[in-house]
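Chemist: sequence and predicted model, in that order:
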Amino acid sequence: MILLILVLIGCPEPPILIPTAIYLVSQMKKKGYKILISANFSAIKLLDIADYDKYYLSDVGVIDIDKGLKIIKEFNIEKIISFVNKDSEVSYTITYKEILNVPTYSIVFGKSINQDFIKTLEERDIKVYSARAYHNPIPVVNIIDKLVEEI
């Protein structure tokens, strides 16, 4: 059985976001999962440029994060993984989880860890992983490796 995983990507300001998102997609595809990315316009464009030849993003669906809210029920999403470093990403994660009512995992990261983000997500029954990371992707890569094994 192939599971469809939704990956939420918000503002791509942190330098590690796009590379770690591509790493997550790559690791999930190796495990046999199908991936749908829901991201803002800038993140989508950065993904397109970062993997121009679609080496990692082949067979990966991509939708705008706002438009996705209107059509996401059309997909058979079984799990959500979100990257969170701003309050808007907390809101998108909670909103998508409420619409889909599926197991949801968040990677909260940044120059410092916002404990309010963690508390808000956990109150909505979202499993949270956190790492102090902004330029160095290794702490988030370590979380991704752990998350991929747990799912």
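Modeler: Everything's here; your move. Numbers count the residues shown, from 1 in each chain.
Chemist: do you have the helices of this protein handy? List them.
Modeler: Using DSSP state H, the helices assigned to the chain run over residues 17-30, 41-50, 65-71, 87-100, 115-123, 138-150.
Chemist: need those helices in TSV (columns: distance to Leu3, mean pLDDT and mean neighbour count).
Modeler: Backbone N, C-alpha and C define where each C-beta goes, glycine included. Putting the helices of the chain into TSV (distance: least, C-beta to C-beta, whole Å; pLDDT from 0 to 100; neighbours: other C-beta atoms under 10 Å) gives the following:
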stretch	distance to Leu3	mean pLDDT	mean neighbour count
helix 17-30	9	95	20
helix 41-50	21	94	16
helix 65-71	18	91	15
helix 87-100	13	95	18
helix 115-123	21	96	15
helix 138-150	12	95	16
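Chemist: thought Ser130 was touching Tyr105?
Modeler: No: in this structure, Ser130 is not within contact of Tyr105 by C-beta atoms under 8 Å, at 11.6 Å.
Chemist: any idea how far stretch 99-117 is from the middle of the chain?
Modeler: Put simply, stretch 99-117 sits 9 Å off its chain's centre (C-alpha atoms, centre = their mean, to the nearest Å).
Chemist: likewise stretch 5-19?
Modeler: Relative to its chain's centre, stretch 5-19 lies at 6 Å (C-alpha atoms, centre = their mean).
Chemist: report the buried residues of it.
Modeler: For stretch 5-19, burial by neighbour count (16 or more other C-beta atoms under 10 Å) applies to 5-10, 12, 14, 16-18.
Chemist: determine which two of these are furthest apart.
Modeler: Ile5 and Pro14 (21.3 Å; C-beta to C-beta).
Chemist: mind listing what the closest residue to Glu78 other than its chain neighbours touches?
Modeler: Counting by C-beta to C-beta, 6 or more residues apart in numbering, Leu3 is the residue found nearest to Glu78 once chain neighbours are left out, at 4.6 Å. With contact set as C-beta atoms under 8 Å, 6 or more residues apart in numbering, Leu3 has these partners: 32-34, 78-79.
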